[in-house]
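Student: fold the following, please.
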Amino acid sequence: MRFRSSASFFLVAGALSAACGARSGIECFGETCSRLEENQAGFDPDDDLPMGGRPQATAGSSGRGGSGGSGARGGRGGSSGRGGSGVAPEQIPSDTPIDTPATELCPDGTFNGSIDVSSTEQLAALERCEVIDGDLTIFGVGIADLRPLSRLQTVTRALNIVSYGGTLDGLESLQAVDSFKLENTTVSTLEPLRGLRQLGGFTGFADTGVLRLKSNSNLSNLSGLGSLSQELSSIEISENGALTSLAGLNVPGQLERLVLVDNPFLADVNGLEALQLAQTIVIENSLSLANLSGLGNLQSVETLSLVNDVSLTELALPIGSINVLYLENVGVTNLNGLSNIIQIENAVIQNNPNLVDIDRLGSIENLAELSLINNPSLLRLPDFVGLTDLQQLHIRNNSLLAAGPGYPLVAEAGSVLISENPSLTNLTGFATLQRVRALDISHNTSLVEVDLGTLGSARNVRIICNPALPESPLASMLGSVAGTLDVWGNQGSTVACP
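Tutor: A predicted model of the protein is given here:
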């Protein structure tokens, strides 16, 4: 049995790969990428360490439960802590395990400190434990079940079961943990956890209230998690090859994160019906997922990221507002399912092979940043009749797109980039634009018309390599309003486009 010292606190937190730039070469534009990274930070599907930052017990004078230098771990007390006056904490490196013989550790029912268990002998030392005031990590294929823990009711920090070949039998008395991680196991059922009611609410550390289920090869559903209480804050379920359903899971009305990644046979998200508000929802590589009907009561989400959900042909959600919407390689043909949407601050829609239109977004009241990249079936863009604010617009490499968007009420814009759309014939939707910070129209081989008739001020303008677009009128008009003007390679230009 290893007891770890607690001189340091560390948190393993990685930015989600769904963020801009990391997935398909999207050219990050304005605030969209930073918002994705900010809102989706905290989940790393390749993190194999025990969950969260764990202040770990120290064998020393300031701890509860230590006795001299014998190696029994102290707790988290001050100078008057229970358990003796042994080695000072600074004499033991924070990453040095302290080996202790497997003896009875809970004569009074409570152990103060954090414990790693990797053998049946070590597990037996916890037989009388009802409360572990710290972390409990169980790992190793040599343990068949957890029956020696039949009295255990509470783990005040993380309960981690990692690289484990047994069952969860023995945890039927468990009622409360601060966070729970089940990773790289052969566990087929969570039924022994049916008494678990409190997940979170103990420590206030970053990972409080986190449920993480990763790489559990035989787990097909979540039956057994039906009693979880409101303290649950984050759910991260990834790489569970047999998981077909979330049935059995009880969620609160509000979550910080819901992450479903690399669960190829997950057929629905039923079990999430209670969820109304979420900070971040990521559903990625759910190859069998056809709809999101289990999120039928979701009202608001800060970041919604759907990536490589190729069977997702229906995007019906009742949400009224999204801060960041990220859609990549999903099966939808339109966004009509977002029937209640009023506001999307930033939208990135790229690499969606079946997407024909985004007409539903034409009537929303706020869409400050929009990126449409490499959507090969996209035919048209709407007139955004309700928008007066345009900060960033990025339209690139949409092979069938014939006409650009309309912004009839927008007088001022930040950055507008429209490039490499070979079927695009006109950009006449900017007739009321008066000021723009940066305008780039390039490499649109069929473009014949651009209307910038009211533009009176521009910091940077670049219109190049549009071979069907007459250059002379543009150069004459823009020369008087642009701070930096770069116009060449268009029809009638003396400079050829390389």
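Student: now the nearest residue in space to residue 149 that is not next to it in sequence. Its backbone dihedrals?
Tutor: Nearest residue to residue 149, sequence neighbours excluded (C-beta to C-beta, 6 or more residues apart in numbering): residue 170, at 4.9 Å. Heads up, the C-betas are built off the backbone N, CA and C, glycines and all. Dihedral pair for residue 170: phi 120, psi -10, per degrees, to the nearest 10.
Student: what of residue 416?
Tutor: phi -130, psi 120.
Student: what residues are bridge-paired with it?
Tutor: residue 393, residue 439 (DSSP bridges).
Student: settle this for me: it is touching residue 440, isn't it.
Tutor: Yes. Counting by C-beta atoms under 8 Å, residue 440 is a contact partner of residue 416 at 7.0 Å.
Student: what about the two, which has more around it?
Tutor: The neighbour comparison of residue 416 against residue 440 (other C-beta atoms under 10 Å) goes to residue 416, with 25 against 17.
Student: and the gap between that one and residue 325?
Tutor: Distance, residue 416 to residue 325, using C-beta to C-beta, to the nearest Å: 20 Å.
Student: do residue 485 as well
Tutor: Counting by C-beta to C-beta - residue 485 and residue 325 are separated by 34 Å.
Student: list the contacts for the residue nearest to residue 149?
Tutor: Residue 170 is in contact with 145-150, 192, counting by C-beta atoms under 8 Å, 6 or more residues apart in numbering.
Student: now list the buried members of the residues you listed.
Tutor: When the contacts of residue 170 are checked for burial by 16 or more other C-beta atoms under 10 Å, the buried set is 146, 148-149, 192.
Student: which secondary element of this protein has the worst mean pLDDT?
Tutor: One helix or strand of the chain scores below all others by mean pLDDT, DSSP states H and E: strand 97-99, with a mean of 37.
Student: shouldn't residue 263 be in contact with residue 242?
Tutor: No. With contact defined as C-beta under 8 Å, residue 263 does not count as touching residue 242 (9.2 Å).
Student: and stretch 409-426, which residues are buried?
Tutor: 410, 413-421, 423-426.
Student: out of the residues you listed, which comes closest to residue 156?
Tutor: For the buried residues of stretch 409-426, the residue nearest residue 156 by C-beta to C-beta is residue 414; the value is 49.1 Å.
Student: name the helix or strand for that closest one, please.
Tutor: strand 412-419 (DSSP states H and E).
Student: so where do the strands sit in the stretch 101-250 of the chain?
Tutor: Secondary structure of the stretch 101-250 of the chain (DSSP state E, counting those that start in this stretch): strands at 110-112, 115-117, 131-133, 136-140, 154-164, 176-185, 198-199, 210-216, 234-238.
Student: now the longest one: buried residues?
Tutor: The neighbour-count check on strand 154-164 (16+ other C-beta under 10 Å) flags 154-162, 164 as buried.
Student: how distant is that strand from the center of its chain?
Tutor: Offset of strand 154-164 from its chain centre (C-alpha atoms, centre = their mean, to the nearest Å): 23 Å.
Student: need the residues that contact it.
Tutor: 48, 50-52, 54, 114, 130-141, 143, 168, 174-187, 202-203, 205, 207.
Student: what's the ChimeraX line that selects buried ones from those residues?
Tutor: Of the contacts of strand 154-164, the buried ones go into a single ChimeraX selection, burial set by 16+ other C-beta under 10 Å:
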select :50,51,52,54,114,131,132,133,134,135,136,137,138,139,140,143,168,174,176,177,178,179,180,181,182,183,184,185,187,202,203,205,207
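Student: OK, contacts around residue 145?
Tutor: Per C-beta under 8 Å, 6+ apart, neighbours of residue 145: 166-170.
Student: mind putting the strands of the stretch 101-250 of the chain in CSV, distance to residue 273 and mean pLDDT included?
Tutor: Listed next are the strands of the stretch 101-250 of the chain as CSV, based on distance: least, C-beta to C-beta, whole Å; pLDDT from 0 to 100:
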stretch, distance to residue 273, mean pLDDT
strand 110-112, 38, 96
strand 115-117, 37, 96
strand 131-133, 33, 97
strand 136-140, 32, 95
strand 154-164, 27, 97
strand 176-185, 22, 97
strand 198-199, 19, 96
strand 210-216, 17, 98
strand 234-238, 14, 97
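Student: in TSV: these, plus distance to residue 494.
Tutor: Formatted as TSV, the strands of the stretch 101-250 of the chain follow (distance: least, C-beta to C-beta, whole Å):
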stretch	distance to residue 494
strand 110-112	82
strand 115-117	74
strand 131-133	79
strand 136-140	71
strand 154-164	68
strand 176-185	64
strand 198-199	70
strand 210-216	61
strand 234-238	57
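Student: which of the ones you listed sits closest to residue 357?
Tutor: Closest among the strands of the stretch 101-250 of the chain, using C-beta to C-beta: strand 234-238, at 32.5 Å.
Student: if I take that closest one and strand 176-185, what angle do their directions form?
Tutor: 10 degrees (axes from the mean of the first three to the mean of the last three C-alpha atoms, to 10 degrees).
Student: where do the helices sit along the protein?
Tutor: Using DSSP state H, the helices of the chain run over 31-40, 120-124, 472-478.
Student: for the last one, which helices and strands make contact with it?
Tutor: Of the remaining helices and strands, those touching helix 472-478 by 3 or more C-beta pairs under 8 Å, 6 or more residues apart in numbering; DSSP states H and E are strand 457-464, strand 482-488.
Student: the first one: which residues count as buried?
Tutor: Read that as strand 457-464. 458, 461-464.
Student: list the contacts of residue 281.
Tutor: So residue 281 contacts 257-259, 295, 298, 301, 303-305 (C-beta under 8 Å, 6+ apart).
Student: between those residues, which is nearest residue 329?
Tutor: residue 305 (11.8 Å).
Student: show me the protein divided up by domain.
Tutor: 58-93, 103-248 (automatic domain parsing).
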